[in-house]
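Asks: Sequence and predicted model, in that order:
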Amino acid sequence: MIHAGLGGIAANDKYVVFGDRDQEDFHDVYRCLDTATGKQLWQVERLAIAAFDYGNSPRATPLITDSNVICQGAMGNLLCIDLLSGNVRWEKNFRDDFPLNTELPWGYCGSPLLADGKLIVAPGAPDASLVALDPANGHLLWKVAGSPPSHGSLIVAELGGINQIVGHDRNTLGGWNLDTGKRLWTMEPDSDGDFNVPTPILYHDQRGKELLLIATENNGTRSIAFDNSDGTPSKIVATTMNLRTDMSTPIVVGNYIYCVKDFLFCLDATDLSEKWRIRDRALGDYAATFATEEQVLVVGKGDLLLLRADGTKKIISRCKVFDEPQVLYSHPAIYRNRMYIRGEHQLKCIKLPLDALSPDATKEN
């Protein structure tokens, strides 16, 4: 039996990998399942005793890289595991290798990031706020001094002609040079106290101009332009306090932004004006959202909600995945025509297409 989890699921054509806890809640357990059958192929355990808010389960989504998977626990265990055998190829512990000088009430939350042959993680130590490792062996490539980590994940984006790491530390938004780790810019929020959980989103406006979308609970939703040639932000193009999300990451589809915070919001991507909002029994404080150019899929409290991605205010299809309503904090994975979705005690594989789903179209593992 699996346990309620916070970290997302990773999947490819052969393997499904996710972080879990043991029955006594003393160990992180990383499980790998066969995609065709749901049979467990291996598990790796590491001692990780904690008392975090929202439980002690790993927060990070595993990162599949060719023949390996990178797994990170809330206590800072970082492991590179061979996908075929389950053997640990190398490992580190943030608290031992990059000691903190502060407490993390939610633990280490941001997911590992692979970019340009570098594994980027955020230990948040005074001399190692951000770190780049060699994914083959875990050797240190660079580290940069800075602040403790946020509760969100980082992205890589080319902004203002500079390839950079973008995201939050505990209190600020920033960009770091991918090659050296040097911090390029910092943006202080107008209001303090953001948890900085939602992931920054890179998108283009109707004229093809690159913008960065940031959403937090105390400072609302903002779009930022990067017209400067040195990779630094030039101005805040638009802002709204209508969407103040503390956990859900917005998605951009064409000229629309969709995000859940108690309601399902639809914003205009150009000026962030609110187009509409929907209240539904399946919606709560958090929901994962997926999209194609034609459809938007919202993972509600045990239900999947399907909408057209043209700004239409209508739920066109609904599928009940779990019998009892439950908040699904673990971000599902979609690979080709299958969705892997985790409930409080089950992992299910749902066959797509989504508009053909019905309650009996699920397979329990």
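Replies: Good, I have the coordinates. The shown structure was predicted, so the numbers you read here are calculated from the model rather than taken from an experiment.
Asks: Let me see the ranges of the helices in the stretch 1-150 of the chain.
Replies: 94-97 (DSSP state H, counting those that start in this stretch).
Asks: Any stretches of it with poor pLDDT?
Replies: For the stretch 1-150 of the chain, residues meeting the criterion pLDDT under 70 lie at 1, 3-4.
Asks: Show me where it has its strands.
Replies: Counting by DSSP state E, counting those that start in this stretch, the stretch 1-150 of the chain has strands at residues 10-11, 15-21, 27-34, 40-47, 63-65, 68-72, 77-82, 88-93, 113-115, 118-121, 130-133, 140-144.
Asks: So which of those strands is nearest D190?
Replies: Nearest of the strands of the stretch 1-150 of the chain to D190, taken as CB to CB: strand 130-133 at 24.3 Å. Any C-beta I mention is one placed from the backbone N, CA and C, and that applies to glycine too.
Asks: which helices and strands does that closest one pack with?
Replies: On a contact count with 3 or more CB pairs under 8 Å, 6 or more residues apart in numbering; DSSP states H and E, strand 130-133 meets strand 118-121, strand 140-144.
Asks: Could you list the paired strands of the shortest one along with their orientation?
Replies: Using DSSP bridges, the strands paired with strand 118-121 in its sheet are strand 113-115 (antiparallel), strand 130-133 (antiparallel).
Asks: What are the contacting residues of it?
Replies: Strand 118-121 has contacts (CB atoms under 8 Å, 6 or more residues apart in numbering) with 63, 70, 72, 78, 94, 110, 112-114, 130-135, 141, 154, 156, 165, 178.
Asks: and what of stretch 122-133?
Replies: For stretch 122-133, contacts defined as CB under 8 Å, 6+ apart pick out 76, 92, 94, 97-102, 104, 108, 110, 118-121, 139-150, 154, 165, 167, 169-170, 176, 181.
Asks: Put together TSV for the strands of the stretch 1-150 of the chain, with distance to E324 on each row.
Replies: Putting these into TSV (distance: least, CB to CB, whole Å) gives the following:
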stretch	distance to E324
strand 10-11	25
strand 15-21	20
strand 27-34	23
strand 40-47	24
strand 63-65	31
strand 68-72	29
strand 77-82	32
strand 88-93	36
strand 113-115	35
strand 118-121	36
strand 130-133	40
strand 140-144	45
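Asks: Pipe the ones you listed into TSV and attach mean neighbour count per row.
Replies: Below are those laid out as TSV (neighbours: other CB atoms under 10 Å):
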stretch	mean neighbour count
strand 10-11	23
strand 15-21	24
strand 27-34	21
strand 40-47	16
strand 63-65	18
strand 68-72	25
strand 77-82	22
strand 88-93	16
strand 113-115	17
strand 118-121	23
strand 130-133	24
strand 140-144	16
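Asks: Relative to P353, which of these is closest?
Replies: strand 10-11 (17.5 Å).
Asks: tell me what the closest one is packed against?
Replies: strand 15-21, strand 63-65, strand 333-335.
Asks: Report the distance from the second one to the chain centre.
Replies: Between the centre of strand 63-65 and the centre of its host chain there is 14 Å, according to CA atoms, centre = their mean, to the nearest Å.
Asks: Would you give the sheet partners of it, along with the direction of each?
Replies: Strand 63-65 pairs in its sheet with strand 68-72 (antiparallel), by DSSP bridges.
Asks: same deal with the last one?
Replies: In the sheet containing strand 333-335, its partner strands are strand 338-342 (antiparallel), by DSSP bridges.
Asks: So, low pLDDT: which residues of the stretch 201-350 of the chain?
Replies: Checking the stretch 201-350 of the chain against pLDDT under 70 turns up nothing.
Asks: Can you show me the helices along it?
Replies: Here the stretch 201-350 of the chain has no helices by DSSP H, counting those that start in this stretch.
Asks: buried sites along stretch 210-229?
Replies: With burial defined by 16 or more other CB atoms under 10 Å, the residues of stretch 210-229 counted as buried are 210-217, 219-226.
Asks: That should have said stretch 346-355, apologies.
Replies: Within stretch 346-355, the residues scored as buried using 16+ other CB under 10 Å are L347, K348, C349, I350, L354.
Asks: quick check: domain ranges of the chain?
Replies: Listed domain ranges for the chain are 1-114, 280-365 (source: automatic domain parsing).
Asks: And the first one, how far out from the chain middle?
Replies: Between the centre of domain 1-114 and the centre of its host chain there is 14 Å, according to CA atoms, centre = their mean.
Asks: before we move on, what about stretch 201-212?
Replies: Stretch 201-212 has its C-alpha centroid displaced from the chain centroid by 20 Å (CA atoms, centre = their mean).
Asks: Please list the outside residues in contact with it.
Replies: By CB under 8 Å, 6+ apart, stretch 201-212 touches 155, 157-159, 166, 200, 213, 223-226, 233, 237, 249-252, 255, 269-270.
Asks: Going through those, which ones are buried?
Replies: Listed as buried from the contacts of stretch 201-212 are 155, 157, 159, 166, 200, 213, 223-226, 233, 237, 249-252, 269-270; burial here means 16+ other CB under 10 Å.
Asks: Narrow the residues you listed to those in strands?
Replies: Of the positions in the buried ones among the contacts of stretch 201-212, I155, A157, L159, V166, L213, S223, I224, A225, V237, I251, V252 sit in strands, assigned by DSSP state E.
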